[in-house]
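> Below is the sequence, then the predicted model.
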Amino acid sequence: MYLTTAQEMRDLDRYAIETIGIPGVVLMENAGKAVARLLTDRLPHPGDALVLAGTGNNGGDGFVAARHLAAAGWRVTVWLAGPEEKLTSDARVFFRVCRNLGIPVVRDAAERREELSRRIAEADAIVDALLGTGIRGEVRPRALELIRLVNENRRGAVVAVDVPSGADTDTGALLPEAIRADWTVTFAYPKWCHYLRPAAEHCGEVIVADIGIPRSAAEHRPPAARVNDPSWWREWLRPRSRWSHKGTYGHLLVVGGSRGMLGAAVLAGMAGLRIGAGLSTVAVPAGQEPILAAKVTDALVWGWPDDGEGRFAGDSARVLAERVDRFTAAAVGPGLGRFPGEGTWLRGVLETLPCPVVLDADGLNILAEHPDALRFRKGETILTPHPGEMARLAGTNTAGVESSRHVLAREWAKKTGCVVVLKGTHTIIAFPDGTQMVNPTGTPAMAKAGSGDVLSGVIGGLLARGIPAAAAAAMGVYLHGLAGELAVRTSEHSLLASEILSQLGTALSRLASDRARA
């Protein structure tokens with residue numbers, strides 16, 4: 001499923017109307033009907049409904065919804081936020097239909113503040129058809145007052161039409177306030193604000209409704225982003241050949257695990273095996289090797305020269321040349337730590353490894369201070385920062401990252417030629433060609449130490465199997481989130497990273513079953 005900006009959605013509408021020949025009123029009819037259907041499905045006992053309609057096409061959707069709600073037995077009143085003469089041509093069609101059917105339409109809603117406030121408090125359902133995706137800049141004072149009236153006085157359920165009024169469609173910002181909806185019915189494809197804070201917190205449950213725009217409209221000029229869905233990469237999830245052996249599925253190298261952080265490297269190494277890599281080697285400072293060897297039975301252990309304090313020696317990357325041809329992918333960073341000579345060390349590792357690399361954790365923090373480490377990198381590279389690490393890479397702060405997640409991820413992917421996986425709720429996967437994916441799987445329970453190390457190993461294991469970086473990143477993020485959802489058995493507060501690890505097989509099995517059904 002594609003994910004659109006406001007302009008991309010306008011282009012799709014225009015193509016459907018002008019090139020394919022679908023009348024705009026048909027699309028509006030389907031949109032308004034979908035909104036009404038949502039309310040009648042979720043609230044099966046008709047009551048009092050208030051439709052707050054603007055003068056644009058979003059308001060036209062509201063007029064259609066009003067008609068269908070009235071037909072379903074609801075007592076409906078439409079409050080028009082603006083003069084009738086400013087209605088768009090399509091919206092005016094359904095305004096007249098409502099008037100001809102005797103559905104009350106109260107004009108100049110902003111001028112009747114006290115009465116509207118009372119009606120909002122009495123309504124069992126409110127349809128927000130005020131602004132939609134067309135807003136540019138801050139909300140005008142009168143519209144802002146209506147938004148605040150709804151938020152402060154509503155008693156019943158609120159459904160937003162396309163996007164909550166007051167939310168910036170493309171950035172997720174509030175302008176400066178948005179309707180707080182229980183449901184948002186959006187049309188054809190989801191929009192960026194449904195996945196970006198703070199607007200996403202105002203959307204409630206998002207329902208994507210088909211309003212009759214053919215898929216060929218999107219294929220004519222595809223939007224630059226999409227929701228991460230198995231249909232995009234499932235072809236790489238093939239059954240194993242009965243003639244295969246461990247070498248068939250590649251060898252993952254995990255480099256990390258300094259003193260006190262061995263667990264991070266172990267989680268990554270085990271995740272690589274759980275996701276299907278044939279072999280996994282965990283490289284740690286030599287002094288940590290005996291401890292690791294006593295703990296790990298499934299992965300191989302490799303000690304690199306250390307500095308005597310449980311950290312990698314600054315020149316320890318030289319040993320990589322001894323075995324570099326054995327590995328088909330690497331994950332560098334889980335439990336790595338910081339140490340003297342780290343910039344030269346990272347450059348040496350990245351230059352020596354010809355295979356795909358996942359760079360995570362302190363590998364990213366070192367890169368932030370030594371960006372030239374990527375200069376001579378030849379193989380595919382995936383960066384997996386959390387917001388704090390992204391802030392260090394981009395020279396900003398965490399708040400700056402969170403306010404422009406998709407922009408920063410896209411810019412860094414284009415700038416570095418790497419795939420960037422910006423972790424968090426709705427992880428963003430950005431590709432060097434400027435396209436992006438937003439991930440729908442995961443749970444707040446995964447906000448726990450070690451979760452990111454498991455992700456590094458999952459993506460690394462998929463790379464080791466020979467899956468291209470773009471598909472490995474998207475597949476890994478999706479499966480990691482799904483495994484986290486499956487791992488929550490009791491409380492979302494108590495989930496451990498090792499439990500995510502244990503559910504990777506179940507997540508793979510579920511996708512395989514879905515593939516078989518398809």
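That came through fine.
> Please make it C-alpha for all contacts and neighbour counts, starting now.
Will do.
> pull the CA atoms of stretch 268-281 into CSV?
C-alpha atoms of stretch 268-281 as CSV (Å, rounded to 0.1, in the frame of the first residue of the first chain):
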residue,chain,number,x,y,z
ALA,A,268,22.5,-10.1,17.6
GLY,A,269,24.4,-13.3,16.8
MET,A,270,21.5,-15.5,17.9
ALA,A,271,19.0,-13.4,16.0
GLY,A,272,21.0,-14.0,12.8
LEU,A,273,20.7,-17.7,13.3
ARG,A,274,17.0,-17.5,14.3
ILE,A,275,16.2,-15.6,11.1
GLY,A,276,17.8,-18.3,9.0
ALA,A,277,21.6,-17.7,8.5
GLY,A,278,23.6,-20.9,8.3
LEU,A,279,26.4,-19.8,10.6
SER,A,280,27.0,-16.9,13.0
THR,A,281,30.4,-15.8,14.5
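> roughly how far out does that stretch sit from the chain middle?
25 Å (C-alpha atoms, centre = their mean, to the nearest Å).
> contacts for it?
245-254, 282, 298-302, 331, 334, 453-462, 464-465, 501-502, 504-505, 508 (C-alpha atoms under 8 Å, 6 or more residues apart in numbering).
> so what's G172 up against?
192-200.
> Now with 10 Å, please.
166, 191-202, 403-404 (C-alpha atoms under 10 Å, 6 or more residues apart in numbering).
> re earlier: looking at the contacts of stretch 268-281, which are in helices?
Among the contacts of stretch 268-281, the subset assigned to helices under DSSP state H consists of 453-462, 464, 501-502, 504-505, 508.
> among these, which two are most distant?
Pairwise distances across these peak at 19.7 Å for A464 and S502 (criterion: C-alpha to C-alpha).
> So between the two, which is more surrounded?
A464 (32 against 17; other C-alpha atoms under 10 Å).
> Settle this for me: that one is touching V254, isn't it.
No. At 11.2 Å, A464 does not count as touching V254 under the criterion of C-alpha atoms under 10 Å.
> what is in contact with the two at once?
In contact with both A464 and V254: 272, 280, 329-331, 357, using C-alpha under 10 Å, 6+ apart.
> filter those to the buried ones?
272, 280, 329-331, 357 (16 or more other C-alpha atoms under 10 Å).
> now, which of these lie within strands?
280, 329-331, 357 (DSSP state E).
> Okay, now the sheet partners of the helix or strand hosting A160, with direction.
Assessed by DSSP states H and E, A160 sits inside strand 157-161. Here strand 157-161 has these sheet partners by DSSP bridges: strand 125-129 (parallel), strand 183-187 (parallel).
> Kindly reformat the ones you listed as a markdown table containing distance to V93, mean neighbour count and mean pLDDT.
Shown next, in a markdown table, are the strands paired with strand 157-161 (distance: least, C-alpha to C-alpha, whole Å; neighbours: other C-alpha atoms under 10 Å; pLDDT from 0 to 100):
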| stretch | distance to V93 | mean neighbour count | mean pLDDT |
| --- | --- | --- | --- |
| strand 125-129 | 16 | 28 | 98 |
| strand 183-187 | 20 | 25 | 98 |
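> D372: which of these is closest?
Closest among the strands paired with strand 157-161, using C-alpha to C-alpha: strand 183-187, at 43.8 Å.
> residues making contact with that closest one?
9, 27-28, 30-32, 34-36, 38-39, 42, 127-128, 132-133, 157-164, 194, 202-213.
> Going through the residues you listed, which ones are buried?
Neighbour counting with 16+ other C-alpha under 10 Å marks 9, 27-28, 30-32, 34-36, 38-39, 127-128, 132-133, 157-164, 194, 202-204, 206-209, 211, 213 as buried within the contacts of strand 183-187.
> So which of these sit within strands?
127-128, 157-161, 206-209.
> Looking at the residues you listed, which is nearest E111?
D128 (17.9 Å).
> ok, and the closest non-adjacent residue to that closest one?
Counting by C-alpha to C-alpha, 6 or more residues apart in numbering, D128 lies nearest to A160, which is 4.6 Å off, once chain neighbours are set aside.
> dump the residue contacts of the one you found.
By C-alpha under 10 Å, 6+ apart, the neighbours of A160 are 35, 52, 58, 62, 126-132, 179-186, 202-204, 206.
> for K191, same thing?
2-6, 8-9, 133, 162-163, 169-172, 208, 225-226 are the contacts of K191 under C-alpha under 10 Å, 6+ apart.
> In helices only, show me these.
Using DSSP H, the contacts of K191 in helices are 6, 8-9.
> can you list those in TSV and add pLDDT and distance to R377?
Below are the ones in helices among the contacts of K191 laid out as TSV (pLDDT from 0 to 100; distance: C-alpha to C-alpha, whole Å):
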residue	pLDDT	distance to R377
A6	95	37
E8	96	35
M9	95	38
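> Check the residues you listed against E114 and report the nearest one.
Checking the ones in helices among the contacts of K191 against E114 with C-alpha to C-alpha, the nearest one is A6 at 33.5 Å.
> what's around L237, how many residues?
15.
> Help me confirm that it comes into contact with L479.
No. With contact defined as C-alpha under 10 Å, L237 and L479 do not form a contacting pair (11.4 Å).
> Could I get the contacting residues of G476?
Residues near G476 by C-alpha under 10 Å, 6+ apart: 275, 454-463, 470, 482.
> how close does it sit to L422?
Counting by C-alpha to C-alpha, to the nearest Å, the separation of G476 from L422 is 13 Å.
> W79 too?
Taking C-alpha to C-alpha, one finds W79 at 42 Å from L422.
> Distance check, G59 against E122.
With distances taken as C-alpha to C-alpha, G59 is found 21 Å from E122.
> Can you pull the phi/psi pair for L383?
Main-chain torsions, L383, degrees, to the nearest 10: phi -100, psi 130.
> So what pairs up with it in the strands?
L359, V420.
> where does the stretch 401-518 of the chain have low pLDDT?
515-518 (pLDDT under 70).
> Grab the CA positions of the strand holding A160 and hand them over as CSV.
Taking Å, rounded to 0.1, in the frame of the first residue of the first chain, the C-alpha atoms of strand 157-161 are listed here in CSV:
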residue,chain,number,x,y,z
ALA,A,157,-17.3,9.7,19.4
VAL,A,158,-15.5,11.7,16.8
VAL,A,159,-14.6,10.5,13.3
ALA,A,160,-12.2,12.6,11.2
VAL,A,161,-12.6,12.7,7.4
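> List the residues that contact the residue nearest to L116 when sequence neighbours are not counted.
Spatially, and ignoring its direct neighbours in sequence, L116 is nearest to A109 (7.0 Å; C-alpha to C-alpha, 6+ apart). A109 is in contact with 52-54, 78-83, 115-116, 142-143, 146, counting by C-alpha under 10 Å, 6+ apart.
> So how do I select the buried members of those residues in ChimeraX?
With 16+ other C-alpha under 10 Å as the burial test, the buried ones among the contacts of A109 are selected in ChimeraX as follows:
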select :52,53,54,78,79,80,81,82,116,143,146
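> hmm, back to that, can you lay out the buried ones among the shared contacts of A464 and V254 as CSV showing distance to R99 and pLDDT?
Converted to CSV, the buried ones among the shared contacts of A464 and V254 look like this (distance: C-alpha to C-alpha, whole Å; pLDDT from 0 to 100):
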residue, distance to R99, pLDDT
G272, 64, 98
S280, 70, 98
A329, 66, 98
A330, 67, 98
A331, 65, 98
V357, 64, 98
